[in-house]
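> With the sequence up front, the predicted model follows.
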Amino acid sequence: MNADIELMRRAAKIAGNTKCWIGIGCVIAKGGKILVETWNETLEGEEYCQKFRNHRINKGPALQHKAGPYHNNEGCIRHELKLSGGKDAEKVCSIHAEVNAIAKAARQGIVVSGATIYVTSFPCLICMRAIVAAGIKKVVYMNDFYKPHNIELFDKNGVEFKQIPENIVWK
């Protein structure tokens, strides 16, 4: 099997470790060897989402079965208030998987320059900038939740990108 597909499959599997309403998995690899893997997650001390979920739960028993953020997006303030595109950034209580992976690699002294990043969704602009700054040279993504945008940033910095659709990942 193609190494890109295997590594994308791994990113898709670990996306399930998140507690956010949308799970994004990420693997950084070099020469087919996994250097680091993570997902989007809420950092310690980030309480906004938890307070919002608790508020929703306290509204009554009808919502108690949907207390977790993984149930039909219930409990995610950004989803319920239709916030996207960077609006009300203080209500973002997660670190994106790509930045999380780059930070984890830095903490562990792992060099990601020249590596490939496998992420289950096309990166947002902030993550694109982090990818370029880290020296990652290839982005492989599965879905285009963010729709490929600002691709000139990758083009001008020599970052190659390609999509492996879900139907191929899960074949």
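Now that the structure is in, tell me what you want to look at.

> three-state assignment of residue 102?
Here residue 102 takes the helix state, with states given by DSSP: H, G, I helix; E, B strand; the rest coil.

> Find the nearest non-adjacent residue to it, please.
Nearest residue to residue 102 in three dimensions, chain neighbours excluded: residue 134, at 4.9 Å (C-beta to C-beta, 6 or more residues apart in numbering). The C-beta positions use only the backbone N, C-alpha and C, and glycine is treated the same way.

> Hmm, residue 103 and that neighbour touching each other?
No: the pair residue 134 / residue 103 is not scored as a contact, 9.7 Å apart, by C-beta atoms under 8 Å.

> quick one, which of the two is more surrounded?
Of the pair residue 134 and residue 103, residue 134 is the one with more neighbours under other C-beta atoms under 10 Å, namely 22 against 15.

> which residues does the residue nearest to residue 102 contact?
102, 105, 112-113 (C-beta atoms under 8 Å, 6 or more residues apart in numbering).

> Neighbour-wise, give me the winner out of those residues.
Going by other C-beta under 10 Å, residue 102 tops the contacts of residue 134 with 26 neighbours.

> Okay, it and residue 88: tell me how far apart.
24 Å (C-beta to C-beta, to the nearest Å).
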